[in-house]
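Student: Test case, fold it:
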Amino acid sequence: MTDDSSEALMQLAVAYGKAWNDADQAAILALHTEDSIFQLHDGSAPAVGIDAVRMALRDFFGQWPDVNFVRRSIFFGKANWAVEWTLTARSHGKTVSLEGVDVVSTRGGRVTAKHVYYDSAKAS
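Tutor: Next comes the predicted model:
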């Protein structure tokens, strides 16, 4: 995708959300730019560049293999969106449910940055 229209942005957001709910790391990466950033704002360093994002996704889905996201709301800007979600998954033998917000930036119909904000104390 190289279309920067609002309709294309909405389609990208839907495809991106589906890829995350399917835990399809290849599909997620295919929607990112080579210089993209992925950051869990839990005190960890950002993953910068597609190879670092690939490793961060592997770690994320390793910790949350059965993750499910339910979108609560989504807000679109010109080249970005913010989505409020509820995550449910099993981690360390217990079911975890937490709320968070992703702020996603785009360029040329692809994701350039995903910043994830959530209550990391509930995730452990």
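Student: In terms of pLDDT, where does M1 sit?
Tutor: Looking at M1, its pLDDT reads 44.
Student: Need the CA coordinates for the strand ranked longest in the chain. CSV is fine.
Tutor: Longest strand in the chain by number of residues (criterion: DSSP state E): strand 94-107. Extracted as CSV, the C-alpha positions of strand 94-107 are listed here (Å, rounded to 0.1, in the frame of the first residue of the first chain):
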residue,chain,number,x,y,z
LYS,A,94,-2.8,-17.3,35.0
THR,A,95,-5.2,-15.3,32.8
VAL,A,96,-4.4,-11.7,32.5
SER,A,97,-6.7,-8.9,31.3
LEU,A,98,-5.5,-5.4,30.9
GLU,A,99,-6.3,-2.2,29.0
GLY,A,100,-4.1,-0.2,26.8
VAL,A,101,-3.7,2.3,24.0
ASP,A,102,-1.6,2.0,20.8
VAL,A,103,-0.5,5.1,18.9
VAL,A,104,0.4,4.1,15.4
SER,A,105,2.1,6.4,12.8
THR,A,106,2.2,5.7,9.1
ARG,A,107,3.9,6.8,5.9
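Student: Each with direction, which strands does that strand pair with?
Tutor: strand 80-91 (antiparallel), strand 110-118 (antiparallel) (DSSP bridges).
Student: and those, which one's lowest on average pLDDT?
Tutor: strand 80-91 (a mean of 93).
Student: number of nearby residues for R58?
Tutor: 11 (other Cβ atoms under 10 Å). The way it works is simple: take the backbone N, C-alpha and C, and place the C-beta from them, glycine included.
Student: Which parts of stretch 80-91 count as buried, going by neighbours?
Tutor: For stretch 80-91, burial by neighbour count (16 or more other Cβ atoms under 10 Å) applies to N80, W81, V83, W85, L87, A89.
Student: Let's have the residues you listed in JSON lines, adding distance to D102.
Tutor: Below are the buried residues of stretch 80-91 laid out as JSON lines (distance: Cβ to Cβ, whole Å):
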{"residue": "N80", "distance to D102": "10"}
{"residue": "W81", "distance to D102": "8"}
{"residue": "V83", "distance to D102": "5"}
{"residue": "W85", "distance to D102": "7"}
{"residue": "L87", "distance to D102": "11"}
{"residue": "A89", "distance to D102": "16"}
